[in-house]
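> coordinates only, no sequence provided:
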């Protein structure tokens, strides 16, 4: 569905945040409220002496960000816990974004990468944060897929509860974009096989592709197992499982 990916991503982030806060309560005795808003900003500002954890430059006023050392995402598996939170200047935070620490530091040879990694790894260990997140990455990927499937199921359940569509309204709408036929051939939620590259995935949307005068309907689906959205011409697709 159109918002399937964002909903699944948001759920994974919320889950990793909650796991991290519960972990900090177990390890450090920190209440969840200690890791939010002004409290965490003030704590990190004091601990890092007002200097960016990556480049070491002093931040000015409130011109800084709280960054997750290991990204809090399905691909990163990082947790929202104190040992995984660092003070970052705005440029470093923007450049690091969702990259892991090693990839980020490789982009800036002027940084003392070895010293930065050791310092932050030692700090994380001191506060009980495990930076080896392979297990959580796998778990997060699984949850991401499960949430997407759950959302698909509930959307279908919701659709059958709606009143019948008025024929007049449908005809007027179809004058603009008519995906009726492609939706019948490749229903939302069905699993497809791309004969072009053997990619498998679930349909979540349709789009009009090609030059303005010759635009035709294409199928959009979430590729398995990574969930990436891909678009294919219907002539290259086969339905292998209808919902």
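Here it is on my side, so go on. Just so it is clear, the structure is predicted and the values come from calculations on it, not from any experiment.
> please count neighbours and contacts with C-alpha atoms only from this point.
Will do.
> this protein: helices as residue ranges?
Ranges of helices in the chain, per DSSP state H, are 4-27, 37-47, 90-96, 101-106, 113-126, 134-159, 167-174, 180-185.
> out of the ones you listed, which is closest to residue 233?
Residue 233 sits nearest to helix 180-185 of all the helices of the chain, at 10.3 Å, using Cα to Cα.
> contacting residues around that closest one?
217-219, 234 (Cα atoms under 8 Å, 6 or more residues apart in numbering).
> quick one: that helix to chain centroid distance?
In terms of Cα atoms, centre = their mean, to the nearest Å, the centre of helix 180-185 is found 30 Å from the chain centre.
> swap in stretch 207-221?
Mean C-alpha position of stretch 207-221 versus that of the full chain (Cα atoms, centre = their mean) differs by 27 Å.
> who touches that stretch?
179, 182, 186, 201-206, 229-234.
> try 7 Å
By Cα atoms under 7 Å, 6 or more residues apart in numbering, the residues outside stretch 207-221 that reach it are 179, 201-206, 229-234.
> mind checking the end-to-end distance for it?
Start and end residues of stretch 207-221 are separated by 11 Å (Cα to Cα, to the nearest Å).
> what's the average pLDDT for it?
Averaged across stretch 207-221, pLDDT comes to 86.
> buried stuff in whichever strand in the chain runs longest?
Taking DSSP state E as the criterion, the chain has its longest strand at strand 200-209. Going by neighbour count (16 or more other Cα atoms under 10 Å), the buried part of strand 200-209 is 200-206.
> for stretch 78-97, same thing?
Neighbour-count burial for stretch 78-97 [16+ other Cα under 10 Å]: 78-90, 92-93, 96.
> quick one: residue 90 and residue 67 touch, right?
No. If you go by Cα atoms under 7 Å, residue 90 and residue 67 don't touch, sitting 9.8 Å apart.
> before we move on, back to that, which one of the buried residues of strand 200-209 is nearest residue 156?
residue 204 (11.7 Å).
> hang on, the closest one packs against residue 187?
No. Contact criterion Cα under 7 Å: residue 204 and residue 187 do not qualify, at 8.7 Å.
> got phi/psi on the closest residue in space to residue 121 that isn't next to it in sequence?
Among residues not flanking residue 121 along the chain, residue 131 sits closest, at 7.4 Å (Cα to Cα, 6 or more residues apart in numbering). Dihedral pair for residue 131: phi -90, psi -10, per degrees, to the nearest 10.
> could I get the buried residues of strand 200-209 as TSV with distance to residue 35?
Shown next, in TSV, are the buried residues of strand 200-209 (distance: Cα to Cα, whole Å):
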residue	distance to residue 35
200	40
201	38
202	37
203	39
204	36
205	38
206	41
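> for those residues, which one is nearest residue 158?
residue 204 (15.5 Å).
> before we move on, back to that, and which of the buried residues of strand 200-209 is nearest residue 155?
residue 204 (11.0 Å).
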